[in-house]
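> Sharing a model prediction with you, sequence too.
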Amino acid sequence: MLERLQALTDEALGLVQGAGDSAALDAVQTAFLGKKGKVQAVLRTIGSLAPEERGPVGKAANAAKVEIESALGERRQALIDAAEGELAETEWVDATLPPPASTGEGRSGGTIHPITTLVRDMDDIFASMGFEALDGPWVEDDYHNFTALNIPPDHPARDMQDTYWLSDGNCLRTHTSPVQIRAMENNKPPIRAVCLGRVFRHEDLDATHENTFHQVEGFYVDRQVSVGHMLYVLRALLREILEEDVEVRLRPSYFPFVEPGFEMDVTFRGKWMELLGCGMVHPKVLEFGGIDSSQWSGFAFGLGIDRLVMLRHGVEDLRHFMSGDLRFLEQFHGGAEG
Ligand code: PHE
């Protein structure tokens, strides 16, 4: 009986060594150590043995059980280790590599939008001249977008700006000029403020018209402000942005919120180009803002940022700016840093 146990043990250990997965190990376990397994079968015969044989056979059977069990445990662990080792071979990543750009995997670094870059540049320039940057809402009320800017209801100047009206009577601001009114509501003169932001008009889209574009509004109120002050500020701004000493000229123009009002042209690469609207703040606008127009005067200007960015980078179609097209945006890699 002892030889029989030894033979069973050898057989079991051989099978354990040959087992390639945990299912094979389970099968060995059942065949040898299960309730109906081979070792159990030996134990069941003990009762029929001579009394002096029972002790040694029982001991040997238990020792066989322990030996087979520990072989099973070791083999199981070895199989797990091998599987993990294989995973480590095939699934490893080099965490020191940069993430793959623009493949759709991982994160790409992104680029600063050229409009954002120009807005930031302008912010810096205005800050250096002591102008405070203000924000205003994109959804404006009629009063701030038109009426307080001396464009009452039914005024024909309303037709100059094709407006998106909302069902509650508000509109998407058509220009940044309403921020002039908000600046006066919240500050006492002297006021030096700029607002750079998005504006909206209902346009037929083409290469030079978008329904969403960007303006910068400059607004200055002090005692005895003149057109000369305005020209100084605008020249300084354009020199910084276009990186050229530009020539400027004023042409008379009409905006209800300035008097006199002008259109300003600049020379850029040898040609005159129409760039912005400006003028001396209309006394009525100052009064709407709660400022005594006999004591204070001011200038205001508004210019299209998208237009300037087109000049700066030689962009030929305005619609690229809002398109979200990565092929367009990625060209601005390495531009101004955040
Ligand atoms: N708000 C005007 C526009 O969008 C521009 C402007 C601003 C003109 C300030 C004069 C003074 O057309």
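Here it is on my side, so go on.

> from memory Ala193 sits against Met184, does it?
No - the pair formed by Ala193 and Met184 falls short of the contact definition of CB atoms under 8 Å, at 9.2 Å. (Each C-beta comes from the backbone N, C-alpha and C, glycine too.)

> Looking at these two, which one has more neighbours?
Between Ala193 and Met184, Met184 has the larger neighbour count (other CB atoms under 10 Å), namely 25 against 22.

> And the helix or strand hosting the more buried one, what's buried?
Using DSSP states H and E, Met184 maps to helix 178-186. Taking 16 or more other CB atoms under 10 Å as the basis for neighbour counts, the residues of helix 178-186 that come out buried are 178-184.

> try stretch 135-151
For stretch 135-151, the neighbour count (16+ other CB under 10 Å) marks 136, 140-142, 144-146, 148-151 as buried.

> What does the pLDDT read for whichever residue of the stretch 101-250 of the chain sits closest to the ligand?
In the stretch 101-250 of the chain, the residue found nearest to the ligand is His175; the distance is 3.3 Å by CB to the nearest ligand atom. Here, the pLDDT recorded for His175 equals 96.

> what's near enough to touch it?
For His175, the residues meeting the contact criterion (CB atoms under 8 Å, 6 or more residues apart in numbering) are 145, 161, 199, 215, 217, 302.

> Now for Leu79: which residues touch it?
By CB under 8 Å, 6+ apart, Leu79 lies in contact with 19-22, 25.

> which SS state does Gln224 fall under?
Per DSSP: H, G, I helix; E, B strand; the rest coil, the local secondary structure of Gln224 is coil.

> An error on my part: the question was meant for Ala95.
Secondary structure for Ala95, judged by three-state DSSP, is coil.

> Can we start the residue count at 265 from this point?
Taking 265 as the first residue, the last one we looked at is Ala359.

> Okay, it and Asp285: tell me how far apart.
32 Å (CB to CB, to the nearest Å).

> Of the two, give the one with the bigger neighbour count.
For Ala359 and Asp285, the more surrounded residue by other CB under 10 Å is Asp285, and the numbers stand at 10 against 5.

> which phi and psi does the more buried one have?
phi -150, psi 180 (degrees, to the nearest 10).

> quick one, what contacts it?
Neighbouring residues of Asp285 by CB under 8 Å, 6+ apart: Leu343.

> Distance from the chain centre to stretch 443-455, please.
Offset of stretch 443-455 from its chain centre (CA atoms, centre = their mean, to the nearest Å): 32 Å.

> Over to stretch 318-330?
Computed by CA atoms, centre = their mean, the separation of stretch 318-330 from the middle of its chain amounts to 72 Å.

> Assumed the residue of the stretch 365-514 of the chain closest to the ligand was part of a helix.
No - read with three-state DSSP, His439 is coil and lies in no helix.

> so where does the nearest residue to it once chain neighbours are set aside fall, helix or strand?
In space, and not counting its chain neighbours, His439 is closest to Val463: 5.4 Å by CB to CB, 6 or more residues apart in numbering. Secondary-structure assignment from DSSP H and E places Val463 in strand 455-464.

> follow-up on the earlier one: tell me which of the contacts of His439 has the lowest pLDDT.
The member of the contacts of His439 with the lowest pLDDT is Gln425, at 86.
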